[in-house]
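> here is my input; please provide its structure:
(4 chains)
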2 protein chains.
Amino acid sequence: MPAILSNQSKRVSVLKALGHPTRLLITEALMHGELCVCDLRDLVGDDISTVSKHLSILRAAGVLVSQKRGLNVFYSLACDCFGEFLRCVDQVCPPSGSSSLKISLPDNCC
Amino acid sequence: MPAILSNQSKRVSVLKALGHPTRLLITEALMHGELCVCDLRDLVGDDISTVSKHLSILRAAGVLVSQKRGLNVFYSLACDCFGEFLRCVDQVCPPSGSSSLKISLPDNCC
DNA sequence: TGGCTATTTGGCAAATTAGCCAAGTTTTAA
DNA sequence: TTAAAACTTGGCTAATTTGCCAAATAGCCA
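Take a look at the predicted model:
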């Protein structure tokens, strides 16, 4: 991967990394604090190698950072603003209903 | 697709829809106002059927809405907050550098 | 009506991604 | 050292996604 990614590719990799149910679940779990890989394997239920690969995708996208301590590798969010980000995601896609007209959202929209 | 998607699946489909370079480009272009499919084909350069499929993914995710007027179908953002959303994306992935420690972001972080 | 334009849909092959197992690496501890 | 635990990486197949072409649909106008 090139050292410097264009702003656009960087956005795409963040969005792609988070656009997978397991990876979104992992990232949400880390909102409560760091966890090691086997904690996350227990949470997710996949093979540990699969979890590890998901984690490396999230880290490559810059969403997570990792820190090795002893035998364990602890992952945590790279940025504290992930909760706000999720709220933004929820607002980009307004509540469905009459779906073919532009909806003016309530005032909680970012 | 089930009528009611869980909050989680809805998030995943928004993120997945936007996690493709062409679809992100299209969505960004629509920040300046609605465009019809052939405008977007000119912008993107892909076959029009490809563009149409990208658009239907974005619409299914709830990111875009469409409106038919005469021969044309005009697409536009479902929510005005997409600019804010992009800023959020940029902040979830902090500027890379010393990448294995948690970075405390500057004050422009959401 | 018939023809023309804009768009969507079906179907397919190529490319990418997912997830498992097995093997390799790193660190701790006996 | 040797062994064991926690991860990562390589390699493979299965599943999904992409993007093209061709055909179908919808709306406009002569």
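
> briefly note if stretch A:19-31 comes near DNA strand D.
No. Applying C-beta under 7 Å from any atom of the strand, one finds stretch A:19-31 out of contact with DNA strand D, separated by at least 8.9 Å. The way it works is simple: take the backbone N, C-alpha and C, and place the C-beta from them, glycine included.

> now do that stretch: distance to the chain's middle.
5 Å (C-alpha atoms, centre = their mean, to the nearest Å).

> that stretch: which residues count as buried?
Neighbour-count burial for stretch A:19-31 flags A:Gly19, A:His20, A:Thr22, A:Arg23, A:Leu24, A:Leu25, A:Ile26, A:Thr27, A:Glu28, A:Leu30 (criterion: 16 or more other C-beta atoms under 10 Å in any protein chain shown).

> how about A:Val73, what does it touch?
Shown in contact with A:Val73 (C-beta atoms under 8 Å, 6 or more residues apart in numbering or on different chains): A:Cys36, A:Val37, A:Ser66, A:Gln67.

> what is the neighbour count of the second one?
Right, the one you point to is A:Val37. A:Val37: 16 surrounding residues under other C-beta atoms under 10 Å in any protein chain shown.

> partner residues bridging the nearest residue to it once chain neighbours are set aside?
Sequence neighbours aside, A:Val73 is the residue nearest to A:Val37 in space, at 5.6 Å (criterion: C-beta to C-beta, 6 or more residues apart in numbering or on different chains). For A:Val73, the beta-bridge partners are A:Lys68 (DSSP bridges).

> and the angle for the lowest-mean-pLDDT helix or strand in chain A with helix B:82-92?
Every helix and strand of chain A was ranked by mean pLDDT, DSSP states H and E. The lowest is helix A:82-92, at a mean of 91. Going by axes from the mean of the first three to the mean of the last three C-alpha atoms, to 10 degrees, helix A:82-92 is angled at 150 degrees with respect to helix B:82-92.
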